[in-house]
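1. Have a look; sequence and predicted model below, questions after that.
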Amino acid sequence: MGKTFAEKVLGRAAGYEVKANEVVTVEPDVCMSHDNGGPISRTFKKIGVEKVKYPERICFVLDHAVPAPTSAHAVNHKEVREFAAEQGIPHLYDIMSGGGVCHQKICEEGYALPGLVMVGSDSHTCTYGAYGAFSTGIGRSEMAAVWATGKIWFKVPESMKVVVTGKFKPGVSTKDFILKLIGDVKADGADYMSVEFHGPGIEDMSISERMTICNMGIEFGAKNAVCKPDQKVLDAIKGKEKYSNWECIWADGDAVYAKEVHYDLGDIEPCVAKPHTVDNWAPVSEVKGTKIHEAFLGSCTNGRIEDLRLAAGILKDKKVAVRTVVIPASWIVYRQAMREGVLDTLLDAGCVICNPGCGPCMGNHEGILAPGETAISTANRNFKGRMGDKDSFIYLASPMTVAASAIKGEITDPREAL
Amino acid sequence: MGEILKGRAWVFSDDVDTDLIYHNKYLAETDPKNMPQYAFEYYPGKENFAKEVKPGDFVVAGKNFGCGSSREHAVYCLEYAGVPCVLAETCSRIYYRNAINNGYPVLFVKGLSDAIKAGKIKDGDQLEVELSTGTIKDATNGETFHGDAVSNLENDIMKAGGLMNYMKAKVAAEK
């Protein structure tokens, strides 16, 4: 009987054959923390261990509130810097112009590698599955324990197979696909499972597009989400691999799945997730005309150059009717957008470009909503009050839908703006 | 027979996300003792939870409790409010791991989501919960629910009182 990706990758890490529902103890290859590295370092110190087990496996990326908007955030940053220095942790992306959103940096700097076991103290750590890694989010206490021992326990998850064929029609993109999938399987559709994306529809996707779908794995409960590491992944990591122990691993053709779903990308239409849950799916046609007060283009889901280009394509020679906040996911993305003239297009349209970071995605700063206000956002969560006041409303959508909506000041079908 | 915990029910829906339990806005707070004051501030109709919850009260929810963020605040704010455990049909993976790692029980109860929707368990009902068997009796209306007893899998961590104590004991034993 064949094995799933999760069975293979966790078996490789454990050093013996494993199958779903077994409990294994493994040593993660990469341990990512962002601003919460500060509080984690305090927890770590309570364990009674002087030094972290594997300093070179720990990576810090300050992104959640950068530059610090409050003294409490500043304290977190200070603690991370001091802890990294004290422990000899070589990988710290501070708020200088080499940083960005943690998941973007981990991928673009060559930490995300096929076959590695990667943990992060952030739920969207599942993003690295775009590179064929087993990556999952863990809590702060758990991260402190991993720093101390180098180890973590996992129950080998059962797996869900998502088979994707076909091609998008104009005006439709990856975000529309993942919102539809979550709308169909619901917020707990893959609870505790490893989600594998299969098929020619995924093979055709860029690494950026795969990051978007893996990023949102947590929004339907997945432990991890992953795509097959192919030539595109090998090209993307070439020359920048931070570790040498990676290996391309993929599920066997006769692996056993707990669940299987099929999608033809040609059937997908522009859509949104309505407030206040990510699985509250609706086609744009149903919510068209809904007034918005803010548009947000950015986040670890859709803040890459490909996303900014899609938005710029819609916004060229147009003006936004509502405040529109654009946050490139990293300074590399920012500079690329600058070189290509994408930033000029967005500025000419009236957008505000902020420095790379998480910004308003989780209500920290740079675009907080007032009571009664509505935003359309490319981020991954529309939980009640996520971007500010508890009486505000968030619609999630693709970069093209967000751009088209910004022009009219109401939710708009991007196909009308092509 | 194991110990029977008695307390009032606070009843919640399916898909209670981590922002509803403990909002982003208060993430800079790192002292668990200060967290209960913010619990469920964003949950419609439960804004007074923090003021009115009494030690011993239970949180009762449907499917997918604690979906969303990896934040442990969503565990601490209930644990430090004196809520002895969460009763839910299912809960998210990260929430469950965070709960276990803090020695905080979550009891999985089949059919709870439908029972909540049908009004078979309501706010203020008096509950009697036996963690060792997973039995929940609603003394107000006579309904009984059967949850999974806390599994062996995570028992070592639970018994130690959470991951930190478990780790400390391990470190001490190695010295």
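-> Thanks, I have it.

2. Off-centre distance for stretch A:32-41?
-> Stretch A:32-41 has its average C-alpha position 18 Å from the chain's average C-alpha position, going by Cα atoms, centre = their mean, to the nearest Å.

3. likewise stretch A:73-83?
-> 23 Å.

4. Tell me the residues on chain B that lie near chain A, please.
-> Those residues of chain B that sit near chain A, judged by Cβ under 8 Å from any Cβ of the partner chain, are B:15, B:17-20, B:23-25, B:27-30, B:41-42, B:44, B:63-64, B:67-72, B:90, B:92-94, B:97-98, B:101-102, B:153, B:162-164, B:167-168, B:170-172. Where you see a C-beta, it was placed from the backbone N, CA and C, and this is true even at glycine.

5. and with 6 Å instead?
-> Proximity of chain B to chain A is assessed by Cβ under 6 Å from any Cβ of the partner chain, with B:15, B:17, B:19, B:23-24, B:28, B:30, B:42, B:63-64, B:67, B:69-70, B:72, B:93-94, B:98, B:101, B:163, B:167-168, B:171 identified as the residues in range.

6. Among those, which lie within helices?
-> B:Asp19, B:Arg93, B:Ile94, B:Asn98, B:Asn101, B:Leu163, B:Met167, B:Lys168, B:Val171 (DSSP state H).

7. Report the two of those separated the most.
-> For these, the farthest-apart pair by Cβ to Cβ is B:Asp19 and B:Val171; their separation is 34.7 Å.

8. tell me the SS of A:Tyr395?
-> At A:Tyr395, secondary structure determined by DSSP: H, G, I helix; E, B strand; the rest coil is strand.

9. Which helix or which strand is home to the nearest residue to B:Ile21 once chain neighbours are set aside?
-> Leaving out its chain neighbours, the residue that sits closest to B:Ile21 by Cβ to Cβ, 6 or more residues apart in numbering or on different chains is B:Ala74, at 4.2 Å. Element membership of B:Ala74, judged by DSSP states H and E, is helix B:73-79.

10. Give me the contacts around the next helix or strand after that helix.
-> Read in the C-terminal direction, the helix or strand following helix B:73-79 is strand B:86-88, with elements assigned using DSSP H and E. The list of residues contacting strand B:86-88 from outside it, by Cβ atoms under 6 Å, 6 or more residues apart in numbering or on different chains, reads B:Phe58, B:Val59, B:Val60, B:Ala61, B:Phe65, B:Val106, B:Leu107, B:Val109.

11. how about these in a markdown table, adding neighbour count, pLDDT and secondary structure?
-> Listed next are these as a markdown table, based on neighbours: other Cβ atoms under 10 Å in any protein chain shown; pLDDT from 0 to 100; DSSP: H, G, I helix; E, B strand; the rest coil:
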| residue | neighbour count | pLDDT | secondary structure |
| --- | --- | --- | --- |
| B:Phe58 | 25 | 98 | strand |
| B:Val59 | 25 | 98 | strand |
| B:Val60 | 29 | 98 | strand |
| B:Ala61 | 27 | 98 | strand |
| B:Phe65 | 32 | 98 | strand |
| B:Val106 | 24 | 92 | strand |
| B:Leu107 | 24 | 92 | strand |
| B:Val109 | 24 | 95 | strand |
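
12. and of those residues, the nearest to B:Val11?
-> B:Val60 (4.8 Å).

13. show me what contacts the closest one?
-> Residues in contact with B:Val60, defined by Cβ under 6 Å, 6+ apart, are B:Ala9, B:Val11, B:Leu87, B:Ile121.

14. Which of those fall within helices?
-> Taking DSSP H, every one of these sits outside helices.

15. Return the closest of these with respect to chain A.
-> If you rank those by distance to chain A using Cβ to the nearest Cβ, B:Leu87 comes first, at 16.6 Å.

16. coming back round to it: which one of B:Asp19 and B:Val171 has more residues nearby?
-> More neighbours sit around B:Asp19 than around the other of B:Asp19 and B:Val171, counting by other Cβ atoms under 10 Å in any protein chain shown; the figures are 27 against 14.

17. near chain B, which residues of the stretch 1-150 of chain A show up?
-> Proximity of the stretch 1-150 of chain A to chain B is assessed by Cβ under 6 Å from any Cβ, with A:39, A:47-49, A:72, A:122-123, A:137, A:139-142, A:145 identified as the residues in range.

18. returning to what we had before: and the helix holding B:Ala74, how far from the chain's centre?
-> Put simply, helix B:73-79 sits 8 Å off its chain's centre (Cα atoms, centre = their mean).
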